[in-house]
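Q: pasted the sequence and its predicted model underneath.
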Amino acid sequence: MMTHKIMLRPEEVKEFVLAAGRSAFDIDIYYNRYVVDAKSILGVLGLDLRKVLTVTINGYDPEFESFISKFAIAS
């Protein structure tokens with residue numbers, strides 16, 4: 001399981017959800033106590049996109065890892 005801290009703008013959500021949907025394993029995204037499936041556009045849009053989000057990846061896909069790195073924040 002890998003965890004990444006990211007920031008998403010509303011116009012990037014569709015691209016993020018499509019990339020997550022190509023993965024064969026579960027990907028969750030959460031802020032505080034709200035956890036949603038990263039493959040759900042309505043779920044992701046329901047999060048507070050002004051805050052730092054945490055993505056939990058339950059598998060490994062080098063293509064998705066490369067994709068998500070452009071949203072990463074310094075921690």
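A: Done, it's in.

Q: in the protein, which spans are helices?
A: Per DSSP state H, the chain carries helices over the ranges 13-21, 41-45, 62-68.

Q: just checking, what packs against the second one?
A: The elements that helix 41-45 packs onto, with contact taken as 3 or more C-beta pairs under 8 Å, 6 or more residues apart in numbering; DSSP states H and E, are helix 13-21, strand 34-37. (Each C-beta comes from the backbone N, C-alpha and C, glycine too.)

Q: I'd like the mean pLDDT over the first one, please.
A: When the per-residue pLDDT values of helix 13-21 are averaged, the result is 96.

Q: ok, back up a step: hey, which of the helices and strands packed on helix 41-45 is tucked in deepest?
A: helix 13-21 (a mean of 17; mean count of other C-beta atoms under 10 Å).

Q: and it, what does it pack against?
A: Going by 3+ C-beta pairs under 8 Å, 6+ apart, helix 13-21 lies up against helix 41-45, helix 62-68.

Q: if we go to 6 Å?
A: helix 41-45 (3 or more C-beta pairs under 6 Å, 6 or more residues apart in numbering; DSSP states H and E).

Q: pull out the buried residues from the helix it packs on.
A: Gly43, Val44 (16 or more other C-beta atoms under 10 Å).

Q: can I get the helices of the chain in TSV with distance to Val52?
A: Below are the helices of the chain laid out as TSV (distance: least, C-beta to C-beta, whole Å):
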stretch	distance to Val52
helix 13-21	15
helix 41-45	14
helix 62-68	14
